[in-house]
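[1] Let's see this in three dimensions:
(2 chains)
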There are 2 protein chains.
Amino acid sequence: MTPFKLTDEFIAEIEQLIETHKDAALKRLLEEVHYADVAEIIDELNEDKATYLIKLLDSDKTSDVLTELDDDLREAILNNLSVKEIAEELEELDTDDAADIVAELPDEIVQEVIAEIEDKEHAKDIVDLLRYDEDSAGGLMAKELVKVKATWNVLACVKEMRAQAENVTRVHSIYVVDDEDILIGRLSLKDLLTASNTAQIKDVYIRNVDSVKVNEDPEEVAKIMSKYDLEAIPVIDEIGRLVGRITIDDIVDVIKEEAEKDYQLAAGISQDVEADDSVWELTRARLPWLILGLFGGLGAAAIMGNFEEMISKHAILFFFTPLIAAMAGNVGVQSSAIIVQGLANDDLKGSVGNRLLKEMLLALLNGLILAAILLLFTWFWKGAFLTALAISVSLIAVIIVAGFIGTFTPLFLHKRGIDPAIATGPFITTSNDIFGILIYFWIAKLILGI
Amino acid sequence: MTPFKLTDEFIAEIEQLIETHKDAALKRLLEEVHYADVAEIIDELNEDKATYLIKLLDSDKTSDVLTELDDDLREAILNNLSVKEIAEELEELDTDDAADIVAELPDEIVQEVIAEIEDKEHAKDIVDLLRYDEDSAGGLMAKELVKVKATWNVLACVKEMRAQAENVTRVHSIYVVDDEDILIGRLSLKDLLTASNTAQIKDVYIRNVDSVKVNEDPEEVAKIMSKYDLEAIPVIDEIGRLVGRITIDDIVDVIKEEAEKDYQLAAGISQDVEADDSVWELTRARLPWLILGLFGGLGAAAIMGNFEEMISKHAILFFFTPLIAAMAGNVGVQSSAIIVQGLANDDLKGSVGNRLLKEMLLALLNGLILAAILLLFTWFWKGAFLTALAISVSLIAVIIVAGFIGTFTPLFLHKRGIDPAIATGPFITTSNDIFGILIYFWIAKLILGI
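    Got it, this is the predicted structure:
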């Protein structure tokens, strides 16, 4: 496969063809292009041209394109489509993707759109899915699955499956249910292929089946599926009835979004912005953290104001405040990042006490090495050994406290049910700046005996 | 399914049973436990107990357990197993997992272990896989796949598949090859189920098949598979022959590792450490970044030393240096994180010039708001309007420069083929600290006319 590479020339060609209404040429040009690539192309067009293309191409391709588009553009395009055109797109989609699109439509047209869907079973499934919280297993699942009854034999099962499989893009597992629709097991396609036609399902199915409840947290579903290497997992309701299934491609998206959210939080960006969002959206995501940092800086300035009497004899102490703040911030972020990651991967073992003790040890070791470098440098630079010693000893204390705060805060937040990822980045940097500078001046004052 | 929850009591019970050699009870207790959970249990045991359990349990379970264990513990256990025992474990594994384990064995026993594998075809596949770079599609792929020739009919194909499928844990796609083993298309299990028995494969197969080259970068494979929602992708060699396939569960691991690496780099931790690594390993990962920060702080101190003459009349300027450094650092990390993420997702559009311009605009907007708050606060606190103005104006300049450096650096590194993720965290914070403080004093000096 030659991977598709989007070029400015290609976009220009598409735009040219749209402007001159060369419909046949456009269709021919895009016929062999994968929908994910068509979505990339359309993301580059303005609203009118994008709508033009969506209306022009077949709905079996455009429906998938719609699910891949940037949210804002999709909303704009849907606004330009008729109720009937939207219903045609939904007809082609799996129920989970269709439900996601319906959830974005203005309330007043939802009913009309649903009524226009010809496949009534499909419409019903979409409506069912709308009831679930977006942020739950129910919100992720699709209704498309292949299920058989335990009382059937293999031949009947293969026949029924052929019928059901027409509606299912990818068959992962065949779920086995009892007469009440309660999930009781599974059957792999492979088992079915290798079993004799007259065998009874109840004699060949596997009783041990992983499943998740409809109200399960998506992150938890992601953990289960990746831990047990599952490619699909059935979803059951409160009384164990099979209501849907979640596939790994949706879970890949959950994992990526989760990682992006943590990364952005660590960088001081409230979740869910992209480089191409507007200046205003980016400001809203970034400014609150900067204001937090600003107040931290004001706090640090106030502390230094309190030690103003030291400035005449020990101006050098004030020169090192950015260094102290930077080291406190860096150590804090390092410690908290390791804890946040350990919590996310469920691999923090041992007690909180042991963990804090280990971080103190680590901080002490790092602090001693860094303080030694600092001591030598400052001593040679300014020649004042006692001042250099005071600064270096303070640095060790600052690093230990920063490590403690960085380790303790995410563990504490996690225990209180708050996402520990907010404790990385500006939050930890700012509090460590303040504590760091306070400790620094306090210890320096003690040693220098002022 | 009741998800497995590891408790201290359960570990204690297992340890007790191992100490008293209650083999039958141990086997019974762990019989129904999933291998991923058994791996979690074994990760909690010491080397001797872990080895005892691995030797006790059946190799069809322990082989999978081995692949999930912590690296250090796996190495220790393998050291305690005989050549024959290792070969038995490898026999049960898919070729990709088996090759990963063989790659970790000491060179001197590799040949013996391979010779002990009874299934010669399996042994040959493992040896084949050892040739590929771990960090390539070839290093990720497995040899287990189902392939059919275009010249067969559906019935022959189903028969052959039943035979092949015995060795393949999960059948994703059936790959169609020509007489030279060149990959020419695919067939879904569904298509096979719904086609008539006498149809020729060449009439029903899908000619359009995604594939990757053996030497493709794993991150690129991950992008392709997640963009096109693929659950498996065939791997071809330089002349197009089908040599293996990569499944989505391996790609989920690649995505997670990549996200963790970026997250750790942003936090100033050289990749690949966990909370449970030793203090020494953690120090090696963290100390270099702290030393970088230390030298940045020394640079800042040297700059402030150059402006020492201002300290008598404008001590307050020095009180605000941690604030300036923090704001420069925060803005830099925010800008670089957004660029790094955009580069990772391939969704940065437009020219570098436009991107820098946008970031300048954003920085100006944020800077004005923050400077206004700072101005009011400082004015009321110290009553010196001109000083407050000087500090606030400097802050705007510092934020704009920090945004510029944060945006430009990752773009520049990416263009030079260097991982832009190293430009987040301490690297950007440190350089922004220095530039920020330099600009701050320089502008303040201009305005205050000293």
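[2] Double-check residue A:85 against residue A:55; I have them as touching.
    Yes - using C-beta atoms under 8 Å, residue A:85 makes contact with residue A:55 at a distance of 7.0 Å. For glycine as for every other residue, the C-beta is placed from the backbone atoms N, C-alpha and C.
[3] neighbour count winner among those two?
    Set side by side, residue A:85 and residue A:55 show unequal neighbour counts under other C-beta atoms under 10 Å in any protein chain shown, the larger going to residue A:85 at 17 against 14.
[4] Can you give me every residue that contacts that one?
    A:55, A:59 (C-beta atoms under 8 Å, 6 or more residues apart in numbering or on different chains).
[5] and the residue nearest to residue A:71 when sequence neighbours are not counted, what are its phi and psi?
    If the residues on either side of it in the chain are set aside, residue A:71 comes closest to residue A:104, at 7.8 Å by C-beta to C-beta, 6 or more residues apart in numbering or on different chains. Its backbone dihedrals place residue A:104 at phi -90, psi -10, with angles given as degrees, to the nearest 10.
[6] where along the stretch 151-300 of chain A do the strands fall?
    Shown for the stretch 151-300 of chain A, the strands assigned by DSSP state E, counting those that start in this stretch span residues A:174-177, A:183-187, A:212-213, A:232-236, A:242-247.
[7] Make a markdown table out of those strands and add mean pLDDT, distance to residue A:392 and mean neighbour count.
    Written out in a markdown table, the entries for these read as follows (pLDDT from 0 to 100; distance: least, C-beta to C-beta, whole Å; neighbours: other C-beta atoms under 10 Å in any protein chain shown):
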| stretch | mean pLDDT | distance to residue A:392 | mean neighbour count |
| --- | --- | --- | --- |
| strand A:174-177 | 90 | 66 | 22 |
| strand A:183-187 | 91 | 64 | 21 |
| strand A:212-213 | 94 | 54 | 21 |
| strand A:232-236 | 94 | 56 | 24 |
| strand A:242-247 | 94 | 55 | 24 |
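[8] Please identify which of these is closest to residue A:339.
    Between residue A:339 and these, the shortest gap by C-beta to C-beta is with strand A:212-213, which sits at 27.1 Å.
[9] So which residues make contact with the closest one?
    Judged by C-beta under 8 Å, 6+ apart, the contacts made with strand A:212-213 from elsewhere in the structure are A:137, A:220-221, A:224, A:233-238, A:246, B:1.
[10] For chain B, what's the nearest residue on the stretch 301-450 of chain A?
    Nearest residue of the stretch 301-450 of chain A to chain B (C-beta to the nearest C-beta) works out as residue A:323 at 2.4 Å.
[11] Now do that residue against residue A:310, distance only.
    Going from residue A:323 to residue A:310 by C-beta to C-beta, to the nearest Å gives 17 Å.
[12] just checking, residue A:133 is part of a strand?
    No - with DSSP: H, G, I helix; E, B strand; the rest coil as the criterion, residue A:133 is coil rather than part of a strand.
[13] Ramachandran coordinates for it?
    When read as degrees, to the nearest 10, the backbone of residue A:133 gives phi -60, psi 130.
[14] related to what we said a few turns ago, if you count surrounding residues, which of residue A:323 and residue A:310 has more?
    Comparing residue A:323 with residue A:310 by neighbour count (other C-beta under 10 Å), the higher total belongs to residue A:323, at 30 against 17.
[15] What is the burial count for the nearest residue to the more buried one once chain neighbours are set aside?
    Spatially, and ignoring its direct neighbours in sequence, residue A:323 is nearest to residue B:297 (2.4 Å; C-beta to C-beta, 6+ apart). Taking other C-beta under 10 Å as the criterion, the count of residues near residue B:297 is 27.
[16] got the contact list for residue B:297?
    Shown in contact with residue B:297 (C-beta under 8 Å, 6+ apart): A:320, A:322-324, A:326-327, B:433.
[17] Low-confidence regions, chain A specifically.
    Where chain A drops to pLDDT under 70, the residues are A:1-3, A:165-171, A:190, A:271, A:450.
[18] Domain map for it?
    A:8-135, A:146-247, A:279-448 (automatic domain parsing).
[19] now the first one, how far from the chain's geometric center?
    In this case it means domain A:8-135. Taking C-alpha atoms, centre = their mean, to the nearest Å, one finds the center of domain A:8-135 at 24 Å from the center of the full chain.
[20] just the longest one next, same as before
    Computed by C-alpha atoms, centre = their mean, the separation of domain A:279-448 from the middle of its chain amounts to 29 Å.
[21] Ok, the second one next?
    Its chain's C-alpha centre and that of domain A:146-247 lie 28 Å apart, by C-alpha atoms, centre = their mean.
[22] First-to-last residue distance for it?
    Taking C-alpha to C-alpha, to the nearest Å, domain A:146-247 runs 13 Å from one end to the other.
[23] Check stretch A:408-428 too.
    When the termini of stretch A:408-428 are compared using C-alpha to C-alpha, they are 11 Å apart.
[24] Now it: buried residues?
    Applying a neighbour-count criterion of 16 or more other C-beta atoms under 10 Å in any protein chain shown, the buried positions in stretch A:408-428 are A:408-411, A:413-414, A:419-428.
[25] which residues sit against it?
    By C-beta under 8 Å, 6+ apart, the residues outside stretch A:408-428 that reach it are A:261-262, A:265-268, A:289-290, A:292-293, A:329, A:332-333, A:336-337, A:339-340, A:343, A:352, A:355-356, A:405-406, A:431, B:267, B:330, B:333.
[26] Buried by neighbour count: which residues of stretch A:123-139 qualify?
    Within stretch A:123-139, the residues scored as buried using 16+ other C-beta under 10 Å are A:123, A:125-127, A:129, A:132, A:136-139.
[27] Any chance of CSV for the contacts of residue B:297, columns secondary structure?
    Converted to CSV, the contacts of residue B:297 look like this (three-state DSSP):
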residue, secondary structure
A:320, coil
A:322, helix
A:323, helix
A:324, helix
A:326, helix
A:327, helix
B:433, helix
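[28] could the residues you listed go into CSV alongside distance to residue B:14?
    What follows is these, written out as CSV (distance: C-beta to C-beta, whole Å):
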residue, distance to residue B:14
A:320, 53
A:322, 52
A:323, 50
A:324, 48
A:326, 47
A:327, 44
B:433, 51
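[29] Go through stretch A:148-163 and flag the buried ones.
    Residues A:148-150, A:152-154, A:157-158, A:160-161 are the ones in stretch A:148-163 that count as buried (16+ other C-beta under 10 Å).
[30] ah, wrong one, I meant stretch A:312-330
    Of the residues in stretch A:312-330, those buried under the neighbour-count criterion (16+ other C-beta under 10 Å) are A:314-330.
[31] before we move on, back to that, quick one: which two of the contacts of strand A:212-213 are the most distant?
    When those are compared pair by pair using C-beta to C-beta, the farthest-apart members prove to be A:224 and A:238, with a separation of 18.4 Å.
[32] more crowded one of these two?
    Counting neighbours by other C-beta under 10 Å for residue A:224 and for residue A:238 shows that residue A:224 has the greater number, 22 against 9.
[33] I'm done for today, thanks for sticking with me.
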